[in-house]
Structures are given as C-alpha cells and as structure tokens.
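K.L.:
the following block contains a protein sequence and its predicted model.
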Amino acid sequence: MDNVYNFCAGPAMVPADVLKKAQQELINWNGLGTSVMEVSHRGKEFIAVAKQSEQDLRDLLSIPDNYHVLFCHGGARAQFAAVPMNLLGVADSADYMDGGYWAHSAAQEAAKYCQPNVVDITCDRDGKKAILPAAEWPLSDNAAFVHFCPNETIDGLEIRDLPVTDKPIVADLSSTILSRPIDVSKYGVIYAGAQKNIGPAGLTIVIVRDDLLGKAQSILPSILDYSVQVDKESMFNTPPTFAWYLAGEVFKWLKELGGVKVMEQRNVAKANVLYDYIDQSDFYRNEVHADNRSLMNVPFQLKKPELDGLFLEQADAAGLKALKGHRAVGGMRASIYNAMPLEGVQALVDFMKKFEHENA
Ligand code: PMP
C-alpha cells in the first residue's frame with residue numbers, strides 16, 4: 001500500500017524523512033562500520049549526539065540556562081513517581097489538577113508518596129466537556145507544587161491556561177511537547193515520554209529548574225533522582241541510545257522546518273480540517289468544547305456506534321491505521337502529531353465523507 005497514515009496515539013508516526021535517514025545510516029553510522037546502537041554511550045561519537053540533541057531541543061523550546069535537560073528511561077509513568085519523590089522535600093502534599101485520564105493517573109501514583117489535593121477541573125460548557133478557567137482552580141496553601149497535564153491524550157482535551165500560582169508548576173507534556181511554543185520559564189518541571197512527538201518509546205525528556213534539585217527523599221532510587229541525572233549528564237546508567245539518537249534526528253527535522261511556531265500553524269490547520277468536518281456532520285460528533293479541543297488527539301464518535309467495527313475495518317483497508325479510541329472511552333481517535341502531514345488528515349476526512357455517504 002502506497003500511502004499509509006498511522007493515527008496511533010503512541011508509539012506514533014515518526015517523520016518519514018527521519019526514518020529514511022536512519023535507514024541509510026543504520027548499518028554504517030558516521031563511517032564507523034557499525035550502527036549507532038552498537039557504540040558506547042561514553043564514546044566521543046555518541047557524546048556528540050547527546051550534546052547536539054540537547055542543544056537542538058534547547059533551541060526549539062528556548063529553554064533558559066537555569067534549566068537542566070535530562071534524557072531518561074521509564075516513560076511518563078516513571079515521572080509520576082519521580083516528581084513527588086524529587087520535589088516534595090519536607091512537604092506532604094501537592095496539588096493535582098485532574099482534567100482527564102492521565103492527570104488522574106499521576107495523582108494516583110503521587111498518593112503513594114504524599115496526600116495529593118486532587119481537584120476535578122473539568123466542567124460542562126454548552127453541553128460539551130471543558131476545563132474551568134485556571135483562575136478558578138482551587139489550589140491549597142500547603143502544596144509543594146502544582147501538577148497538571150496540558151494535553152489529555154485519551155480525552156482529546158487541551159488546557160492552554162497555566163495554574164495561577166507561585167509554586168513550581170509541573171506539567172506532563174507527553175502528547176503536546178513541541179507541537180507549539182511554550183514559555184519554559186513558567187514551569188518548574190516538564191516531562192514527556194518520547195513516543196508521540198519525539199521518537200521511539202523508551203526515552204523520556206525531563207526539563208527541570210535548577211533550584212528544584214537537592215530535595216529528593218533518600219529512599220528515591222538513584223535512577224529517578226534528578227540531581228544524580230544532572231550530575232551524570234543523563235548517563236548514570238546506559239541510556240536508551242538508539243531512541244536518543246532518533247530523537248536528535250527529529251529535533252533536526254523540526255528545526256529545518258522552522259521550529260515550533262511553524263509546527264503550531266501546521267497543527268492548527270490539520271486539526272481545523274478534521275474538527276470542521278465533524279462539526280458540520282450529523283453522522284459524527286466530538287464531545288469536547290471548542291475552547292479545549294486538542295490539536296494532537298481528536299476523539300470522535302459515530303452516531304451509530306454499531307458501525308464502529310465496520311468503520312475501523314474499512315479505514316484500515318484504506319491505509320488509515322490505528323483509529324480505534326482508547327478502551328477507556330471507546331469510539332475513534334485520530335492522533336495527528338507533528339509527523340502527520342496535512343494530506344493524512346485530508347485522506348481521513350475524505351474517507352469519513354465516503355463512509356457517511358454510504359451508511360447515513
Ligand atoms: N501521560 C500522557 C499524557 C500520556 O499520553 C501517556 C501515554 N499515553 C502517559 C502519560 C504514560 O506514558 P508512558 O507509557 O510513557 O509511561
């Protein structure tokens with residue numbers, strides 16, 4: 001099949017140009033006669049990859065100098081534990097803003113280490129699911145930090161506000177990092193699993209403000225300790241080198257295309273094509289209010305759910321892959337991260353039109 005578009009929420013599409021370059025370099029990387037995954041992480045060739053990828057990420061997100069960039073293992077879920085264990089210090093509470101499945105999961109993990117103040121920030125707006133304005137989020141006085149998840153991958157819901165607080169803000173950016181500009185200086189810690197907008201699973205990016213180091217609980221495993229990882233330049237143990245290399249190639253690709261501002265324009269254009277079509281149709285619907293619709297993950301339901309199976313089967317046969325919604329919510333979901341071209345979204349909309357025409 002010529003044009004296959006992969007709408008998986010993660011592991012997700014990697015830019016085709018990056019995959020082609022990796023394929024060319026696989027057997028003989030840098031003229032070494034071996035692949036990048038077979039060389040020491042401490043050798044000068046890999047150290048050059050590590051340094052360049054960090055610099056490129058710093059450039060892309062304009063990361064200030066008082067922030068450390070860590071390339072870790074363990075996915076975002078490891079950070080669900082690492083965040084409280086690194087940041088609580090002597091406090092025994094933190095604010096967890098609950099806007100959906102992943103923010104809720106982070107709060108559940110935090111409950112092992114403290115008493116999280118879990119606040120449901122969802123609301124109904126004009127019969128659609130939305131998020132309360134940040135100024136209305138009830139924060140507590142004794143919280144060590146405020147955690148939230150700006151893009152809920154499963155619910156398809158995006159929060160563009162920041163918590164109104166002088167406490168460190170901690171954000172799970174797994175499914176939105178690099179999709180648009182952010183002001184890193186407003187955050188204490190940012191973390192993101194790589195497998196959506198960065199590269200292969202196995203790598204997790206952590207961006208941590210310098211003054212937040214040194215508060216870790218002594219029982220914290222060293223591998224999750226931000227101070228240890230800063231000190232060892234993310235090489236306390238063997239890092240996921242291939243994923244790191246590929247992430248570096250994705251960063252180069254993003255810079256060549258013009259960076260996160262250009263990505264935002266592309267992502268808005270892509271999302272509009274899909275939401276506009278869904279909104280004018282009586283056959284499909286999306287439950288999220290326009291104020292909080294995700295640019296990255298677009299869940300949608302058929303008004304005749306008995307046709308879900310047929311829709312997925314025919315979409316798959318047409319090269320439109322992995323459109324099944326998460327098991328927690330059902331229906332469909334199109335994840336349209338940076339690597340998804342506009343043509344992929346257009347192909348999906350063309351298919352949806354045809355399916356509607358045949359089955360309405
Ligand atoms: N947070 C968000 C927003 C996610 O989308 C996911 C994965 N889908 C996770 C956390 C969990 O990530 P991981 O599997 O890397 O632990």
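P.N.:
Nice, I can see it.
K.L.:
gap between the nearest residue to R285 once chain neighbours are set aside and G330?
P.N.:
Excluding the flanking residues, the one nearest R285 by CB to CB, 6 or more residues apart in numbering is Q301, at 5.5 Å. Heads up, the C-betas are built off the backbone N, CA and C, glycines and all. Distance, Q301 to G330, using CB to CB, to the nearest Å: 8 Å.
K.L.:
with neighbour numbers in mind, choose between those two.
P.N.:
Taking neighbours as other CB atoms under 10 Å, Q301 and G330 compare with Q301 leading, 17 against 13.
K.L.:
ok, that one - contacts?
P.N.:
Applying CB atoms under 8 Å, 6 or more residues apart in numbering to Q301 gives the contacts 284-287, 330-332.
K.L.:
in the protein, what residue is nearest the ligand?
P.N.:
Residue of the chain nearest the ligand, by CB to the nearest ligand atom: G75 (2.6 Å).
K.L.:
mind listing what that residue touches?
P.N.:
193, 195, 201-202, 204.
K.L.:
now with 7 Å, please.
P.N.:
193, 204 (CB atoms under 7 Å, 6 or more residues apart in numbering).
K.L.:
next one: the one 5 residues further on
P.N.:
By CB under 7 Å, 6+ apart, F80 lies in contact with 105-106, 109-110.
K.L.:
which element is it on?
P.N.:
With elements taken from DSSP states H and E, the one containing F80 is helix 75-87.
K.L.:
immediately after that helix, which helix or strand?
P.N.:
Past helix 75-87, the next helix or strand by DSSP H and E is strand 95-98.
K.L.:
about what we covered before: tell me which of the contacts of F80 is nearest to N237?
P.N.:
E109 (22.1 Å; CB to CB).
K.L.:
which SS state does the closest one fall under?
P.N.:
Each residue gets one of three states, and E109 gets helix by DSSP: H, G, I helix; E, B strand; the rest coil.
K.L.:
quick check: closest non-adjacent residue to it.
P.N.:
F80 (3.7 Å).
K.L.:
would you mind measuring from the one you found to T165?
P.N.:
20 Å.
K.L.:
compare the contacts of F80 and tell me which is most surrounded.
P.N.:
A106 (28 neighbours).
K.L.:
where's A290 relative to N297, distance?
P.N.:
Applying CB to CB to A290 and N297 gives a distance of 15 Å.
K.L.:
who's more crowded, those two?
P.N.:
Neighbour count, other CB under 10 Å: between A290 and N297, N297 has more, with 30 against 12.
K.L.:
quick one, what contacts that one?
P.N.:
N297 touches 9, 153, 156, 175, 333, 335, counting by CB under 7 Å, 6+ apart.
K.L.:
widest-spaced pair of those residues?
P.N.:
Farthest pair in the contacts of N297 (CB to CB) is S175 and R333. Separation: 11.3 Å.
K.L.:
of the two, give the one with the bigger neighbour count.
P.N.:
A direct count of neighbours by other CB under 10 Å for S175 and R333 places S175 higher, at 30 against 23.
K.L.:
what about I336, how many residues nearby?
P.N.:
27.
K.L.:
skipping adjacent residues, who's closest to it in space?
P.N.:
K270 (5.2 Å).
K.L.:
return the residues in contact with that neighbour.
P.N.:
336, 340, 342, 345.
K.L.:
hmm, V273 and the last one touching each other?
P.N.:
In this case it means V345. Yes. Taking CB atoms under 7 Å as the definition, V345 is a contact partner of V273 at 5.1 Å.
K.L.:
and these two? Which one has more around it.
P.N.:
Between V345 and V273, counting by other CB under 10 Å, V345 is the more crowded of the two (22 against 16).
K.L.:
which phi and psi does the nearest residue to the more buried one once chain neighbours are set aside have?
P.N.:
In this structure, V345 finds its nearest non-sequential neighbour in K270, 4.7 Å apart by CB to CB, 6+ apart. Torsion angles at K270 (phi, psi; degrees, to the nearest 10) stand at phi -60, psi -50.
K.L.:
and N297, by the same measure?
P.N.:
phi -130, psi 120.
K.L.:
which non-adjacent residue is nearest P138?
P.N.:
V119 (5.7 Å).
K.L.:
three-state assignment of G344?
P.N.:
Quick answer, by three-state DSSP: G344 is helix.
K.L.:
who are the contact partners of P200?
P.N.:
11, 194, 243, 246.
K.L.:
list just the nearest of those residues to A91.
P.N.:
Among the contacts of P200, and counting by CB to CB, the member closest to A91 is A194, at 30.0 Å.
K.L.:
quick check: that closest one vs A50, distance?
P.N.:
For A194 relative to A50 (CB to CB), the value is 15 Å.
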